[in-house]
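K.L.:
What follows is a predicted structure for the sequence shown.
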Amino acid sequence: MSEETPSNPIQSQPSPAGLSDNAAGALAYFTIIPAIIFLLMAPYNQKPFIRFHAWQSILLTVAAIVIDIVLGIVLGIAMLLLPFFLHMLIWRLIELAWLAIWLVCIFNAFNGKRFKLPVIGNLAEKQAGA
């Protein structure tokens, strides 16, 4: 009988708390709170994979807030020129794009991949020291 070996044994092993690195990396994207907790608590803050996803989650949240504020101002001004339904359609498309980015990050982290978002991924990698 042969035992199956995980494709990525380092990241699929559960930590002493029972949470695997992949699950912790994915969980870091569920609001900013788990990401901060993973950066502060051992053994999670000692693992580059989890630190990377925690930092990318934090930076993605900050980027989303900044971009939404800027687009809110731009679309608020454009609302004078655009019909209301078009204004709402644009906002829904922006929200859908954020949801898609968020889901891609969660899916890749859960599967043990280090998916780097443009600009944010490089900053997260530097902060994580990985």
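P.N.:
It's in.

K.L.:
Can you point out the buried residues in the top helix by length along the chain?
P.N.:
Determined from DSSP state H, the single longest helix within the chain is helix 48-78. Across helix 48-78, burial judged by 16 or more other C-beta atoms under 10 Å covers 49-60, 63-64, 75. In this view, the C-beta of every residue, glycine as well, is placed from N, C-alpha and C.

K.L.:
now do stretch 20-34
P.N.:
Residues of stretch 20-34 classed as buried: Ser20, Asp21, Asn22, Ala23, Ala24, Gly25, Ala26, Leu27, Ala28, Tyr29, Pro34 (neighbour count, 16+ other C-beta under 10 Å).

K.L.:
Among these, find me the one that's closest to Ile90.
P.N.:
Tyr29 (24.8 Å; C-beta to C-beta).

K.L.:
How much space separates Leu81 from His87?
P.N.:
Leu81 sits 10 Å away from His87, going by C-beta to C-beta, to the nearest Å.

K.L.:
could you dump the buried residues of stretch 20-34 to JSON lines with distance to Leu40?
P.N.:
Shown next, in JSON lines, are the buried residues of stretch 20-34 (distance: C-beta to C-beta, whole Å):
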{"residue": "Ser20", "distance to Leu40": "19"}
{"residue": "Asp21", "distance to Leu40": "17"}
{"residue": "Asn22", "distance to Leu40": "20"}
{"residue": "Ala23", "distance to Leu40": "18"}
{"residue": "Ala24", "distance to Leu40": "13"}
{"residue": "Gly25", "distance to Leu40": "16"}
{"residue": "Ala26", "distance to Leu40": "18"}
{"residue": "Leu27", "distance to Leu40": "14"}
{"residue": "Ala28", "distance to Leu40": "12"}
{"residue": "Tyr29", "distance to Leu40": "17"}
{"residue": "Pro34", "distance to Leu40": "11"}
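
K.L.:
what's the most distant pair in those residues?
P.N.:
Ser20 and Tyr29 (15.2 Å).

K.L.:
Which positions within the helix or strand containing Leu93 qualify as buried?
P.N.:
Secondary structure assignment for Leu93, by DSSP states H and E: helix 84-110. For helix 84-110, a neighbour-count test (16+ other C-beta under 10 Å) marks His87, Ile90, Ile94, Ile101, Trp102, Cys105, Ile106, Asn108, Ala109, Phe110 as buried.
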